[in-house]
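Participant: Sequence and predicted structure are below.
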Amino acid sequence: MQFENDIRVLLAQYLPSSTMELAALLQTPTDSEHGDYAIPCFAFAKQLQKSPQEIAYELAQTITHPDIAEARAIGPYINIYLTTQARAKQAFQTTLQQPKTNKKVLIEFPSPNTNKPLHLGHLRNMLLGEATARILEMNGNTVIRVNLNNDRGIHICKSMLAYDLYANNQTPQEAGIKSDHFVGKWYVEYAKQQAQQPELQEQAQKLLRLWEQKDERTLELWKKLDAWAKQGFKETYTELGIFFDKEYNEHEFYEQAKQFVQEAEQNGIFTRDEQGNTIAELGALGKKVVLRADGTAVYSTQDIGLAKLKQQDYAPDEQIYVVGDEQKHYFTQLFAIFDQLQMKDKRHHLSYGMISLPSGKMKSREGNVVDCDELLAEMRRLAETELTTRYPELDVQEVQHRAKTIGYAALKFYMLKYDPKTGFVYDAQESISLEGETAPYIQYAIARIHSILQEQQPTNQNDYSQYTTPEDITLLRTITKTKDVIVQAGEQYKPHYIARHAITLAQAFTAYYHTHKILGVAHTNERLHLIKKTQEILKELLNLLGIDALEEM
RNA sequence: GGUCCUGUAACUCAGCCUGGAUAGAGUGCUGGCCUUCUAAGCCAGAAGCCGAGGGUUCAAAUCCCUCCAGGAUCACCA
């Protein structure tokens, strides 16, 4: 920002700047009374042989700038107050979309197994992945979203086996069950049956061998269930507004991945252990098996092969993996292997903490998982109940539209407002809450602005000198800050910065709204401009989180 | 045992990267506000030795060390 540079130049004239980190000195005060910017003067005391108070006083005299109304020394601090015009100008000229960089970022999520439906953990994964993608796009990057279907292996064969034995060729349509849930039903059935008949384990193994030998009947069976699983996932992705540029399927590249690992071994990058497994020697990180002795693939085989494929397909500058933090160690090892393979792109494991339930950890086998589709349905129902009690006259179509928008918004925001790195306890009651730090609170602010703007639109004129009240000032400053927040969120892969800022901005608006009448007053036009800008930013912030706004609610 | 994460108000969390002016928000609680732009809202209040101890610094919730408590991880599992 030009203004901030100007300040630094002014400071440099007064200070022995050689050792001064001027950039760090211009800070935003926590208390809005303390101005738009503040400079603490403690750090200069030693060099100048004066007290911080004296320095602040002297320095405050030297700071003159057309955009500064006052530079006031308060104790050891200089508080800088912008002119009303400059402050308003800054806010109204705020643009969030940054110019395109040349950077291409590839982000992979949620990479499910195709043997059971998506659950709450996948939901956090998808929401984080999509929000991060949008934030990076806003910061000027080209983002490629890819998904990896773990669609082969013993776990897949288990649901295939149970289906084959007990389903009588039933289809999801016949069963009246969403297709991925139908596949999951047979996975659960397998687990149940296997407890009684341990020999099923061998049968599943046999099925895997048949699959790898491309046995026709086995492949037919696999194709059927595979299509159902993926179709079901796709419906959920669409429901959440998530679309991939490419979906990689393990069954399509696992042979290639093995080959690639073998070639790397021949080139001396990998070695063998006593059992004949191909391994990567990672020094302090230990050894990592990258291919089993019997030639079958392990997870790292897939990831190594896939990384190679991604390079060929997109040549990204950076790759992001959205995966739970229980795999942190694995990714440290994997990235070390990438280094050995001379892969030069930047890599980031966007890890997130596990969601636990009040009853404890989620475990698929114990059935205490929260199903993603059911959760979405639950959110729609709850929002619908809320709407029909509030507005009994609303027609059914409109109720359903709003219920979906509000319910999903509440859920998404609830999942995104936490720092990704921390786990949290999923509180169903709180997630459906429509009050407080929630998406509906923000949507409500947007809807209120909409209804005012329906009454009257601002003109092309905007007199910046009219934004003088404390509420004006807070709102303008919050708007101006938005760009920095988005940059930070992108650099640190932390979508919750966006969520928090959206709440702050919505709060600033509601405070404004309750203090000042907007229509039919002296500065109506300026106020309309201000709320319109606020609405624009709020919508953008929600959009970054994958959340839709409503015009009325 | 090694590594990583967490510990802030009764509860759920933000702030820690990049140290600064009386530590913030939501929920819950107490009290007030709908004849006026949507009360899914607003205002006010009570509520904190920022896990403990030490160190660095003019200044520490924030940086460093030790300890305590909880969690994750250290397989050819995912």
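Facilitator: Thanks, I have the structure now. Here the structure is a predicted model, which is why all the values come from computation and not from measurement.

Participant: how many neighbours does the closest residue to RNA strand B within chain A have?
Facilitator: Closest to RNA strand B within chain A is A:G436: 2.5 Å, counting by Cβ to the nearest atom of the strand. Yep, even glycine has a C-beta here, placed from its N, CA and C like the rest. A:G436: 9 surrounding residues under other Cβ atoms under 10 Å.

Participant: do A:T459 as well
Facilitator: 10.

Participant: same thing with the one 3 residues further on?
Facilitator: Per other Cβ under 10 Å, the neighbour tally for A:N462 reads 17.

Participant: how about the nearest residue to it, chain neighbours excluded?
Facilitator: A:H529 (4.8 Å; Cβ to Cβ, 6 or more residues apart in numbering).

Participant: Distance from the chain centre to the helix or strand hosting that neighbour, please.
Facilitator: With elements taken from DSSP states H and E, the one containing A:H529 is helix A:524-544. Distance of helix A:524-544 from the chain centroid (Cα atoms, centre = their mean, to the nearest Å) equals 23 Å.

Participant: Is RNA strand B within reach of it?
Facilitator: No - applying Cβ under 7 Å from any atom of the strand, one finds helix A:524-544 out of contact with RNA strand B, separated by at least 8.0 Å.

Participant: Tell me which other helices or strands that helix touches.
Facilitator: Using 3 or more Cβ pairs under 8 Å, 6 or more residues apart in numbering; DSSP states H and E, the elements in contact with helix A:524-544 are helix A:84-92, helix A:120-138, helix A:439-455, helix A:470-492, helix A:496-515.

Participant: quick one on the thing from earlier: residues in contact with the residue nearest to A:N462?
Facilitator: With contact taken as Cβ atoms under 8 Å, 6 or more residues apart in numbering, A:H529 is in contact with A:F92, A:P458, A:N462.

Participant: Can you read off the pLDDT for A:E551?
Facilitator: For A:E551, the model assigns a pLDDT of 96.

Participant: Over to A:K363?
Facilitator: So, for A:K363, pLDDT stands at 55.

Participant: Also A:E216?
Facilitator: For A:E216, pLDDT reads 96.

Participant: Against A:G423, how distant is it?
Facilitator: To A:G423, A:E216 is 46 Å away according to Cβ to Cβ, to the nearest Å.

Participant: Can you pick out the residue with more neighbours from those two?
Facilitator: A:G423 (16 against 9).

Participant: Thought A:S351 was touching the more buried one, still the case?
Facilitator: No - contact criterion Cβ atoms under 8 Å: A:G423 and A:S351 do not qualify, at 10.8 Å.

Participant: Flag every buried residue along stretch A:526-541.
Facilitator: With burial defined by 16 or more other Cβ atoms under 10 Å, the residues of stretch A:526-541 counted as buried are A:526-535, A:537-541.

Participant: which residues of the stretch 151-300 of chain A fall in helices?
Facilitator: For the stretch 151-300 of chain A, helices defined by DSSP state H, counting those that start in this stretch occupy the ranges A:154-166, A:172-175, A:179-196, A:200-212, A:216-240, A:250-266, A:299-314.

Participant: I'd like the helices and strands packed on helix A:524-544 as JSON lines, with mean pLDDT appended.
Facilitator: Output for the helices and strands packed on helix A:524-544, formatted as JSON lines (pLDDT from 0 to 100):
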{"stretch": "helix A:84-92", "mean pLDDT": "96"}
{"stretch": "helix A:120-138", "mean pLDDT": "97"}
{"stretch": "helix A:439-455", "mean pLDDT": "97"}
{"stretch": "helix A:470-492", "mean pLDDT": "96"}
{"stretch": "helix A:496-515", "mean pLDDT": "97"}
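
Participant: Thanks a lot, see you next time.
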